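Participant: how would this look folded up:
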Amino acid sequence: MAIKRIFSAGGIVLRKVGGEVKVLLTQHSGHKGWEFPKGHIEIGESSEQAAVREVEEEAGVKAEVLEKAGECQYFYFDAGSRVLKTVTYYLMKFIEQGEATTAYEVSDKVWLLVGEVEDKLTYKGTKEVWTKAKGKIRI
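Facilitator: Just a heads-up that it's a prediction; the model follows:
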């Protein structure tokens, strides 16, 4: 069986609120897992551009890339095909509210303190990226 490869990008968006750093998490409307906003990289788009676009489309947040946070990979099945998905995450800084044009993909979103994020994340790969990324937070 051939393996299909998909590349996505997303953002670990940071926002300073009352002197504390908060992190954006979204809940997928289908599988209900909690993760960082992410989505497919479109043709002609860099992974950084895709991360910025996806954060706004899914969560209605405009953000700028600070630095690469890490990658995770996982397999899943789609229409009988095995898919290997690679997601590149970026640490990002909140700029302002934007327009969530694909908000139907997200059933909920929440801003959590840095110490609350790991317990809320659903997937092992995302938790591993977060563990490495949180040491890079400098806002």
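Participant: does residue 139 really touch residue 16, like I thought?
Facilitator: Yes - the pair residue 139 and residue 16 passes the contact test of Cβ atoms under 8 Å, sitting 5.8 Å apart. In this view, the C-beta of every residue, glycine as well, is placed from N, C-alpha and C.
Participant: who's in contact with the closest residue to residue 8 other than its chain neighbours?
Facilitator: Leaving aside its sequence neighbours, residue 8 sits nearest to residue 87 (Cβ to Cβ, 6 or more residues apart in numbering; 4.6 Å). Going by Cβ atoms under 8 Å, 6 or more residues apart in numbering, residue 87 touches 7, 8, 9, 10, 38, 71, 72, 73, 125.
Participant: How much space separates the second one from residue 51?
Facilitator: Same thing as residue 8. For residue 8, the distance to residue 51 (Cβ to Cβ, to the nearest Å) stands at 9 Å.
Participant: Same check on the last one?
Facilitator: In this structure, residue 125 and residue 51 are separated by 16 Å, where distance is defined by Cβ to Cβ.
Participant: Which of these two has more residues huddled nearby?
Facilitator: Set side by side, residue 125 and residue 51 show more neighbours around residue 51, with 32 against 16, by other Cβ atoms under 10 Å.
Participant: How about that one, nearest residue that isn't a chain neighbour?
Facilitator: In space, residue 51 is closest to residue 9, 4.1 Å off (Cβ to Cβ, 6+ apart).
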